[in-house]
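Student: have a look; sequence and predicted model below, questions after that.
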Amino acid sequence: MRRSAVVAFSFAALGALQVHAGEAPADTAQVIPTVYEAGHFFAVPETRDGQRLKLLVDTGGGGSSGMYWFAKATAERLHLPTNDCALGDTHVQVARLPDYQPRRALPPPIDGPCGAALLVVSLPANQHLEGQLGGAYLSGRIWTFDYPARRMTLESPSWRPASAAHGTKLGFQYNDAGKQTTGFARLPIVVDGETLDMLLDTGATAAPTPSAAKISGTPTVQGQGVTSYITTGKLDQWHKKHPDWRVLEQADTLVPHPSVQRIIEVPKVQIAGWSIGPVWFTERPDKAFHEYMAQMMDKPTEGAVGGNVFQHFAVTIDYPREMAYFRCVKGCAPAPVE
């Protein structure tokens, strides 16, 4: 999950379509070119002149007005001219879309006030992403993240869930025009009999210490992997009520200030009528979700659900119908009926 007002960085982001090279017809599914690393999906489109990109797919990551974003360095490498675009009271830099190879392309953004373009963002020196497909870009369509198969698909508008999939309602913030603002989806889970509202966050990132990675079984690439997040207040409640649930102190270094975060092992998590576990959650400050993220969602959440939960499923996010569907592939069982 990566945030700012227009784009988002990790802490813890149909109108007429411009036909672009490689775009699939609207009534067919399109498999997105991706690589899968330590629980994260990265889109890897390729331009006609052989430039290959690597863009994090982050349902909890930023963008704006239907656009995905490139780092400024990426736009410069591809020689994409930029121009200024007004989004309300904010002005952003945008660029035309690259000329992608057929079958190695991304679906074009849904047209917004800047047209079929992408955002260009100047990143801090410690950020090395080439770009990101965030909630603003993904919103308005139907996407399947098949974690065991390591495949991402843009589904056709006529897609319907398989009979074996369990559905759960999502919550979104809307603007006065009746459109989803950020595309950040609120997803319910059940832990210890309590329903918790969480951010659906394919980009939730962990940076476990070597010992924490070994104990939690978190695979990493260059020190980073996936996790799910929980607020400090909820972690403290769980630990007080269940002292037998394992807590590792100073276990995650992704956000080192004010201190290195704890992680906690929850024996069972229920999601969309499925039961899985154990699941490790990484601590995040209460304000990160109760205040900061709450500005961009329909209500406050207690954290985020990430790839260490989704790894058991083929997950389809149906943004237009505000639903998520979970088809169990491995390590899950129907949740007990209460």
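Tutor: Received the coordinates, thanks. The structure presented is a predicted model; accordingly, all values stated were derived computationally and were not measured.
Student: longest helix of this structure?
Tutor: Looking across the chain with DSSP state H, the single longest helix is helix 232-241.
Student: report the distance from that helix to the chain centre.
Tutor: 25 Å (CA atoms, centre = their mean, to the nearest Å).
Student: could you list the buried residues of that helix?
Tutor: 234-236, 238 (16 or more other CB atoms under 10 Å). For every residue, glycine as well, the C-beta is placed using N, CA and C.
Student: do stretch 214-226 as well
Tutor: For stretch 214-226, a neighbour-count test (16+ other CB under 10 Å) marks 215-216, 218, 220, 224-226 as buried.
Student: same check on stretch 146-164?
Tutor: So stretch 146-164, judged by 16+ other CB under 10 Å, has buried residues 146-147, 152-156, 159, 161.
Student: average model confidence for that stretch?
Tutor: For stretch 146-164, the mean per-residue pLDDT is 97.
Student: also stretch 92-102?
Tutor: For stretch 92-102, the mean pLDDT works out to 95.
Student: can I get it in CSV? Just the C-alpha atoms.
Tutor: Presented in CSV, the C-alpha positions along stretch 92-102 are these (Å, rounded to 0.1, in the frame of the first residue of the first chain):
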residue,chain,number,x,y,z
VAL,A,92,-0.3,17.0,-12.3
GLN,A,93,2.2,15.9,-14.9
VAL,A,94,0.9,13.4,-17.4
ALA,A,95,2.3,11.6,-20.4
ARG,A,96,0.9,9.9,-23.4
LEU,A,97,0.7,6.1,-23.2
PRO,A,98,3.6,4.1,-24.5
ASP,A,99,3.2,2.2,-27.8
TYR,A,100,3.0,-1.3,-26.5
GLN,A,101,3.5,-4.5,-28.4
PRO,A,102,0.4,-6.6,-29.1
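Student: circling back: need the buried residues of helix 232-241 in CSV (columns: distance to Gln295 and pLDDT).
Tutor: Formatted as CSV, those follow (distance: CB to CB, whole Å; pLDDT from 0 to 100):
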residue, distance to Gln295, pLDDT
Lys234, 20, 98
Leu235, 22, 98
Asp236, 24, 98
Trp238, 26, 98
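Student: can you add distance to Asp176 and give the residues you listed back as TSV?
Tutor: What follows is the buried residues of helix 232-241, written out as TSV (distance: CB to CB, whole Å):
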residue	distance to Asp176
Lys234	33
Leu235	36
Asp236	38
Trp238	39
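Student: what's the closest of those to Glu322?
Tutor: Lowest distance from Glu322 to those (CB to CB) belongs to Lys234, with 24.9 Å.
Student: so where is this structure shaky, pLDDT-wise?
Tutor: Residue ranges of the chain with pLDDT under 70: 1-26, 257, 338.
Student: how about the helices of it, start to end?
Tutor: Per DSSP H, the chain has helices spanning 72-77, 135-138, 210-216, 232-241, 286-287, 307-310. These are given in chain order.
Student: which elements pack onto the third one?
Tutor: It stands for helix 210-216. In this structure, helix 210-216 makes packing contacts with strand 247-252, strand 261-266, judged by 3 or more CB pairs under 8 Å, 6 or more residues apart in numbering; DSSP states H and E.
Student: and those, which is most packed in?
Tutor: With neighbours defined by mean count of other CB atoms under 10 Å, none of the helices and strands packed on helix 210-216 is more surrounded on average than strand 261-266, at a mean of 22.
Student: out of the helices and strands packed on helix 210-216, nearest to Leu78?
Tutor: strand 247-252 (34.2 Å).
Student: show me what that closest one packs onto, helices and strands only.
Tutor: helix 210-216, strand 261-266, strand 279-284.
Student: tell me which of the ones you listed lies nearest to Val94.
Tutor: Counting by CB to CB, and looking across all of the helices and strands packed on strand 247-252, nearest comes strand 279-284 at 31.3 Å.
Student: picking that back up, which one of the buried residues of stretch 146-164 is nearest Thr28?
Tutor: Closest approach between those and Thr28, by CB to CB: Ser156, at 5.7 Å.
Student: specify the beta-bridge partners of Leu187.
Tutor: Counting by DSSP bridges, Leu187 is bridged to Met198.
Student: just list the residues touching it, thanks.
Tutor: By CB atoms under 8 Å, 6 or more residues apart in numbering, the residues touching Leu187 are 168, 170, 197-200, 271, 305, 324.
Student: what's the spacing between Val269 and Leu87?
Tutor: Taking CB to CB, to the nearest Å as the measure, Val269 falls 37 Å from Leu87.
Student: of those two, who's got more company?
Tutor: Between Val269 and Leu87, counted using other CB atoms under 10 Å, Val269 has the larger neighbour count: 23 against 16.
Student: okay, and the beta partners of that one?
Tutor: Ile276.
Student: now the end-to-end length of stretch 91-109.
Tutor: Taking CA to CA, to the nearest Å, stretch 91-109 runs 19 Å from one end to the other.
Student: much appreciated, bye for now.
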